[in-house]
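Student: A predicted structure for the sequence below; I have some questions about it.
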Amino acid sequence: MGRILVEKDVEAAVKGGSVYAAGGGGWADHGRMLGYAAVSIGKPELVSVDELKDDDWIATAAAIGAPASTTPWEMQGIDYVKAVQLLQNELGERLSGLIIGQNGKSSTLNGWLPSAILGTKVVDAVGDIRAHPTGDMGSIGMAGSREQMIQTAVGGNRADNRYIELVVKGATAKISPILRAASDQSGGFIASCRNPVRASYVRKHAALGGISMALALGEAIIAAEKKGGPAVIDAICKTTGGSILAEGVIAKKDVVYTKEAFDIGKIGVGSGARAVTMHVMNEYMAVDDADGARMATFPSVITTLSPHGEPLSVGQLKEGMHVFILHVPMEIIPLSAGVLDPTVYPPVEKAMGIEIARYALAARA
């Protein structure tokens, strides 16, 4: 049976989602705003994909952009609802449910408000357990598809006349960059609803159980908080099955915001033989040891935690801070078709200048 999401689930979703945000994944306060609005206005319902009929329509609710505090972004809860309505209008049929492209500080809650207002179910499946830089990585295997897809985007800074509503149709690889450009024009962050597919497709290609995993992790964090930072870090490791890969002081941060709306660069943690380098493209995509040997690679979960056990985004990191690097190996998490699709890696490898596919796709071998 479905689970009605209630007030106490909001903080659990934000806290668990923040770990899976892997250094990106939106804003915690934006997530709380979406969650509290949803549970006060209606009864958002989390359901397993098995509770839907094979031919029910499911789309992905997402937020697009890399909203650094430097960009004039504005996104309201109603923008997520409007994005769903525009997609339903274009599709000509009702959506039964929404999945999300990835967990994150706010993205874990992207489907809650439309569920409360429109009655679309929050489907317990994700395009990726963790956050990632490109929409294709969360598109459950449709990145290389030639099929015509529908994608919508809604939002923007109203005071600056940056508000945009957009409906695009085409092959997903060709239209995803249009949504990213719209995000940049709108102020850096925009709500989207995209790629309607049948429930049978989601069951086969998504990472199932991804939202309840984030909720369970958040509940474990909240339970450990009164015992202090080390207890929180232990709870995160125990619940995720991960471990602390490295810890140390941030020696160097070299990350820049690009016109394609990506934060790209490197972060050096620790010194001497125990130093590691974290490779960033919005999120942490890889970690190398002091000799340049690879220690962890997307789609494994890689997250920086403060000594209090708080997940820190790339934007929060500053030189001189002490961090713990959590690693949850890809072998123990559900992987979607999107992260096992070789076509999603070349643009990311080119932007970052490192190899990822060779390591990521070893999970399937």
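Tutor: Yes, it's here.
Student: Quickly find the element holding the nearest residue to Gly270 once chain neighbours are set aside.
Tutor: Leaving aside its sequence neighbours, Gly270 sits nearest to Gly248 (Cβ to Cβ, 6 or more residues apart in numbering; 2.9 Å). Placement of C-beta: from N, CA and C, glycine included. Using DSSP states H and E, the element containing Gly248 is strand 243-257.
Student: for that strand, packing partners?
Tutor: Under the contact criterion of 3 or more Cβ pairs under 8 Å, 6 or more residues apart in numbering; DSSP states H and E, strand 243-257 touches helix 229-240, strand 263-269, strand 276-281, strand 294-297, strand 322-328.
Student: buried ones in the longest one?
Tutor: So that's helix 229-240. Gly229, Val232, Ile233, Ala235, Ile236, Cys237, Thr239, Thr240 (16 or more other Cβ atoms under 10 Å).
Student: Next, the angle strand 322-328 makes with it.
Tutor: Calculated by axes from the mean of the first three to the mean of the last three Cα atoms, to 10 degrees, helix 229-240 forms an angle of 10 degrees with strand 322-328.
Student: May I have helix 229-240 as CSV, with CA atoms only?
Tutor: Provided in CSV are the C-alpha atoms of helix 229-240 (Å, rounded to 0.1, in the frame of the first residue of the first chain):
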residue,chain,number,x,y,z
GLY,A,229,28.7,14.4,14.9
PRO,A,230,30.6,11.1,15.2
ALA,A,231,27.3,9.3,15.8
VAL,A,232,25.7,11.0,12.8
ILE,A,233,28.6,10.0,10.6
ASP,A,234,28.4,6.4,11.9
ALA,A,235,24.6,6.3,11.2
ILE,A,236,25.2,7.5,7.7
CYS,A,237,27.8,4.8,7.0
LYS,A,238,25.7,2.1,8.6
THR,A,239,22.5,3.0,6.8
THR,A,240,24.1,3.5,3.4
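Student: for it, what is the average pLDDT?
Tutor: Mean per-residue pLDDT for helix 229-240: 98.
Student: Quick one: distance of that helix to the chain centre.
Tutor: When C-alpha coordinates are averaged (Cα atoms, centre = their mean, to the nearest Å), helix 229-240 and its chain have centres 21 Å apart.
Student: what's in contact with it?
Tutor: Contacting residues not belonging to helix 229-240 are listed as 19, 216-217, 220-221, 223-225, 242-244, 301, 305-310, 324, 326, 328 [Cβ atoms under 8 Å, 6 or more residues apart in numbering].
Student: Just the buried ones among those, please.
Tutor: Buried among these (16+ other Cβ under 10 Å): 19, 217, 220-221, 224-225, 242, 301, 305-306, 309-310, 324, 326, 328.
Student: Among the buried residues of helix 229-240, which one sits closest to Gly268?
Tutor: Gly268 has its nearest neighbour among these in Ile233, at 21.4 Å by Cβ to Cβ.
Student: what lines up beside the helix or strand harbouring Ala61 in the sheet?
Tutor: Using DSSP H and E, Ala61 sits within strand 57-65. The strands beside strand 57-65 in its sheet (DSSP bridges) come out as strand 97-100 (parallel), strand 189-198 (antiparallel).
Student: average pLDDT across the shortest one?
Tutor: Per-residue pLDDT over strand 97-100 has a mean of 98.
Student: Extract the C-alpha set from that strand and format it as PDB.
Tutor: Provided in PDB are the C-alpha atoms of strand 97-100 (Å, rounded to 0.1, in the frame of the first residue of the first chain):
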ATOM      1  CA  GLY A  97       2.800   9.500 -11.200                       C
ATOM      2  CA  LEU A  98       6.100  11.300 -11.100                       C
ATOM      3  CA  ILE A  99       9.600  10.000 -10.500                       C
ATOM      4  CA  ILE A 100      12.600  12.200  -9.900                       C
END
